[in-house]
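S.K.: I'll drop the sequence and a predicted model, then ask my questions.
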Amino acid sequence: MEYSHVATQDSAVHAALVGEEQREAEGLELIPSENYVSYAVREALGSALTNKYAEGLPGKRYYGGQEFTDAVETLAIDRAKELFGCAFANVQPLSGAPANVAAYFALLEPGDTVLGMDLSHGGHLTHGHPLTSVTKVFNFVRYKMKDVETGEIDYDAMRAVAKHEKPKLILAGFSAYSRELDYEQFVSIGREVGAYVMADIAHIAGLIAGKVAQNPFDVGFDLMTTTTHKTLRGPRGGMILTRENEEIAHKINKAVFPGLQGGPHMNNIAGKAIAFGEALRPSFHIYAGQILKNAKAMEEVLHARGVRMIGGGTSNHLILADVFGSLGVSGKEAEQVLDEVGITVNKNVIADDVRKPLDPSGIRFGTPALTTRGFDERDCAQVATHMLDALEGKDDPAKKETIRAEVRALAQTHPVPEVFV
Ligand SMILES: *Cc1c(COP(=O)(O)O)cnc(C)c1O
């Protein structure tokens, strides 16, 4: 992308923009929460809409001059509803974390209990990590996997905790869990104890929109929150979806604004509208399916080379590998070694980790970004092989140099696309 005005006006920022552009082009991005947006989305992010205040909702704003903000927000809402098969969508949350905070405040009173996935078993920070502000207001209790080797959730224990703790909200969602959840179980437990049932689909929104993963609304979930920038491949942002309950939808709208946020970022909402339009095309179904096939291809290489994966493998786009247990390399060191050869992953705690969070046993990686670049199963198997070769050869600079060159060649043959067909 041209940054001609930045180049003339501010060389320091220009250097950073160009540097990042080059880093993204030359390396392989395997952080499962990252992706590349189309140039159409990038143009919307840099559009005149960033200048505009639009507090309120389409047709009900607090300031004048809303002809075009109403148009883009209505498009984003309508496309979101079509993508996820639901009656209401609020596309204003600035990101996934504020979407969750707004959902909690919409549905709960201070002191209420939320039942969510244990953080070391894959749950997200916003599901009640002690360092987050929401834990000062709400009480978070946990469910876990029954078997770390298969990833199966302990639904019996979950039901028992729910009966005992009487949560008002049950959360299905994760950022480091590689299997599909049994959504029917969540709904049945929720109905039994009178709790709302919410899915935080931040990581798998693209798989659901692409119809290669189950949609929690199909089995009766009350609401869903999501990011828009992970598998859904839109601009950085969040969104809250509700099925058909108008009362919940109204509470959500009020909790987002004025409850939590001020003016919506309309340039970003225009980007969401464009990305949702892309996700509605038949080709997005193929993209989503390829994400899964590519993750499976990586899983097979890890299996063949004896690397332990939490949950035993993957049913979504995400793999959590116990590199410390399998290769004697800590998560932090693995992240560094892979960085050196041009492969970006992130260190991650694994269930019942014997190591500390800042230098845990695992690495987490996934295929959404590579798949956007057109990588297929064979390419992804090659990437997995490079990863394991690099980790096993971490003390051999010549070997790492060879791998680095091969990674760069692979990246060059798969440029970051500007347009998605
Ligand atoms: C990424 C993620 C979030 C937070 O999204 P941000 O945009 O980083 O605020 C929330 N929930 C889950 C499950 C996530 O994976």
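M.R.: It's in.
S.K.: Now the phi/psi pair for M117, please.
M.R.: For M117, the backbone dihedrals (degrees, to the nearest 10) come out as phi -70, psi 140.
S.K.: roughly how far apart are it and the ligand?
M.R.: Relative to the ligand, M117 is positioned 9 Å away (CB to the nearest ligand atom, to the nearest Å). For glycine as for every other residue, the C-beta is placed from the backbone atoms N, C-alpha and C.
S.K.: could you pull out the helices for the stretch 251-400 of the chain?
M.R.: Using DSSP state H, counting those that start in this stretch, the helices of the stretch 251-400 of the chain run over residues 266-279, 282-304, 323-327, 331-340, 368-372, 377-392, 397-412.
S.K.: Would you pull up how far the first one lies from the middle of the chain?
M.R.: Taking the mean C-alpha point of helix 266-279 and that of its whole chain, the gap between them comes to 17 Å (CA atoms, centre = their mean, to the nearest Å).
S.K.: just the helices in the stretch 1-150 of the chain please.
M.R.: Using DSSP H, counting those that start in this stretch, helices in the stretch 1-150 of the chain cover 4-9, 11-26, 39-45, 67-84, 96-107.
S.K.: Could I get the pLDDT score of the closest residue to the ligand within the chain?
M.R.: The chain approaches the ligand most closely through G96 (2.3 Å), counting by CB to the nearest ligand atom. Turning to G96, the model gives it a pLDDT of 98.
S.K.: How about the contacts made by it?
M.R.: Contact analysis of G96 by CB atoms under 8 Å, 6 or more residues apart in numbering lists H124, T126, D200, A202, T225, T226, T227, G238.
S.K.: Flag every residue of the stretch 151-300 of the chain that's near the ligand.
M.R.: G173, F174, S175, D200, A202, H203, T227, G238 (CB under 6 Å from any ligand atom).
S.K.: how many other residues sit next to the nearest residue to the third one once chain neighbours are set aside?
M.R.: Using CB to CB, 6 or more residues apart in numbering and skipping residues adjacent in sequence, the residue nearest S175 is H124, 4.3 Å away. Neighbour count for H124, taken as other CB atoms under 10 Å: 23.
S.K.: Ok, the one 10 residues further on next?
M.R.: Taking other CB under 10 Å as the criterion, the count of residues near V134 is 19.
S.K.: does it really touch T126, like I thought?
M.R.: Yes. In this structure V134 lies within contact range of T126 using CB atoms under 8 Å: 7.3 Å.
S.K.: Quickly list what's touching both of these two.
M.R.: N100, V101.
S.K.: Tell me how far stretch 54-68 lies from the chain's centre.
M.R.: Worked out by CA atoms, centre = their mean, stretch 54-68 lies 30 Å from the chain centre.
S.K.: make that stretch 355-363, sorry
M.R.: 20 Å.
S.K.: out of the helices of the stretch 1-150 of the chain, deepest packed?
M.R.: helix 96-107 (a mean of 24; mean count of other CB atoms under 10 Å).
S.K.: how close does V91 sit to V101?
M.R.: 16 Å (CB to CB, to the nearest Å).
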